[in-house]
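# Have a look at this fold, sequence not included:
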């Protein structure tokens, strides 16, 4: 960037550095002729004030809010981001999104980058268990909200969904349609959402008197290709499941691909956790919730925290519901 | 943010402001005892250097690259973003994404915000025809790359796909399967991609001797709901199309919904422009191209432009291909 400095603008306008600074930061009490001269000089020289420095000098917060997401290419995170963005706009704020790719190191480094660029608040879907980087930022007064997963051991505004309730409803739905051998295709085992959903799956199966449900639990479905492999593994077992609970949208896509590629696969019941746009066209029964609303609530909390750093910490849990579309209502073969 | 200033750190360490600054910016020639004292003071006070100011002081470029996208929630933009991100990481750079929501005013304001935060380069999918904001930034030396759509009248690095070639192949494919009454469901008419695709559609239809093809062209399918309405309108006409070219991924989803809700809709052939993850499962024939590669190339150009501001401007056009999956191969009823 070959930008003129403020000093160059001041010199061109024939005013002091201080006067040039006052004009360009919109401060009052400058003669209008002088103001015009500085503005003309700045425009013709292509000067752009340093907004970060100006914000800081005025003690104001940045108009930018950072969102560190797990995976930009996942429809769930896109929906979250659009909900966050929608709410921020209501407050004249803008969203910057960065992806951690579910890597705790990258998350820490992005947190640092965004903070060094003085974002006014940070919304994070924590990738790892260690949120110590965030802890010191919160202590220093940065408004932080975590979304989709809690930050372990931290007293921070949080928006999650009712993962256990959603899982329980899905299992109950499949049990009610006569299934007992229900497979579970889940995300990476270090993710909190996986842990919640798989634990509740096993609890619900145990309560229903299904022994050895652990046998049909698979983890590692972070993308559709991995999920397809896991589902094929389940379907190829000696006593294959008659139904599969695909524990996130990636798992659902991979499971559907596996079923298409398996003889008799069309008879296997499927319930997917996370709704997705084409679930309706494909006739897939899902555990749905409002991901856009989830983002909106997170943004709302970030704004509230900025306005009042001392307000009570909120833990929001959004409800889920089973949406029946055919795939989850097939009886066992 | 209640952060200590550099002066507070310097005072706590008992050194001059200049020495504290040298230590915290990692400059050499400071006694190691002094260095330690400053670092300890900075750590205990929670000081964080201003990376923006430090970058500028060193005359270096920021490690952040901005991407202003049309719509975060669209799978096409997510794929672009993930391609950009992948390439940037190779160079130790990080991506910040912001959405213009296809609004030229918002795009201009985001451009300003990102530049004021000293991003090292900017990648943009231009929402409007007026790119004058970008023009002055480029003149001032900011590396800018436009992707998906060109910036009218500007000599700037550009990555687009072969929209006309892709459209021509799609029309040829449907004509070869016997269709003559082919409908066209397209995006907002002000978008360059719409203009390219619709113009080529009409040209190809005219060359095939189909009169009055304009009658079956609809625009405004910016989201799936709008596309569904447009497709229903086409399907409800006295002489409905026997095939539909859905000119982007939103148009395809809406068209599929409309066909499901129309008696005999399953017989209508469909080719979609833009591949999408579930097209395979749904059996949808599409005009495909590599959106991740498109993003990767854009990032590559941004990095190259940063390294050499005087290099020749590149215009990259990526190829498309028709992927047949069933929906585009149905004969006319």
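Noted; the coordinates are in hand. It should be emphasised that the depicted structure is a prediction, and the values quoted were computed from it without experimental measurement.
# CA only for contacts and neighbour counts going forward, please
OK.
# which residues in chain A form strands?
A:64-69, A:94-99, A:121-124, A:144-147, A:157-161, A:182-185, A:217-218, A:243-246, A:269-273, A:285-288, A:315-318, A:321-323 (DSSP state E).
# rank these by mean pLDDT and give me the bottom one.
Here the lowest mean pLDDT among the strands of chain A goes to strand A:94-99, at a mean of 88.
# on that earlier part again, out of the strands of chain A, nearest to residue B:276?
Nearest to residue B:276, of all the strands of chain A, is strand A:269-273, at 19.1 Å by CA to CA.
# strands paired with that closest one, and their directions?
Sheet pairing of strand A:269-273 (DSSP bridges) gives strand A:243-246 (parallel), strand A:285-288 (parallel).
# Same list (the strands of chain A) but as a markdown table, adding distance to residue A:329.
Formatted as a markdown table, the strands of chain A follow (distance: least, CA to CA, whole Å):
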| stretch | distance to residue A:329 |
| --- | --- |
| strand A:64-69 | 34 |
| strand A:94-99 | 37 |
| strand A:121-124 | 36 |
| strand A:144-147 | 32 |
| strand A:157-161 | 24 |
| strand A:182-185 | 13 |
| strand A:217-218 | 21 |
| strand A:243-246 | 10 |
| strand A:269-273 | 7 |
| strand A:285-288 | 8 |
| strand A:315-318 | 25 |
| strand A:321-323 | 11 |
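# The ones you listed into a markdown table, with extra columns for mean neighbour count and distance to residue A:279?
Formatted as a markdown table, the strands of chain A follow (neighbours: other CA atoms under 10 Å in any protein chain shown; distance: least, CA to CA, whole Å):
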| stretch | mean neighbour count | distance to residue A:279 |
| --- | --- | --- |
| strand A:64-69 | 27 | 23 |
| strand A:94-99 | 26 | 25 |
| strand A:121-124 | 27 | 27 |
| strand A:144-147 | 27 | 24 |
| strand A:157-161 | 23 | 20 |
| strand A:182-185 | 27 | 17 |
| strand A:217-218 | 21 | 22 |
| strand A:243-246 | 29 | 13 |
| strand A:269-273 | 29 | 9 |
| strand A:285-288 | 24 | 7 |
| strand A:315-318 | 16 | 21 |
| strand A:321-323 | 19 | 10 |
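# As JSON lines, the strands paired with strand A:269-273 with distance to residue B:245 would be great.
JSON lines is the format used below for the strands paired with strand A:269-273 (distance: least, CA to CA, whole Å):
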{"stretch": "strand A:243-246", "distance to residue B:245": "33"}
{"stretch": "strand A:285-288", "distance to residue B:245": "29"}
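# who wins for proximity to residue A:15 among these?
Per CA to CA, nearest to residue A:15 of the strands paired with strand A:269-273: strand A:285-288, 62.1 Å.
# who touches that closest one?
A:166-167, A:169-170, A:270-275, A:279, A:320-329 (CA atoms under 8 Å, 6 or more residues apart in numbering or on different chains).
# just checking, residue A:171 touches residue A:204?
Yes - between residue A:171 and residue A:204 a contact is recorded at 6.9 Å, counting by CA atoms under 8 Å.
# More neighbours: which of the two?
With neighbours defined as other CA atoms under 10 Å in any protein chain shown, residue A:171 and residue A:204 compare such that residue A:171 has more, 25 against 21.
# ok, now which ones touch the more buried one?
So residue A:171 contacts A:201, A:204-205, A:245 (CA under 8 Å, 6+ apart).
# related to what we said a few turns ago, can you tell me which of the strands paired with strand A:269-273 is nearest to residue B:105?
strand A:285-288 (34.6 Å).
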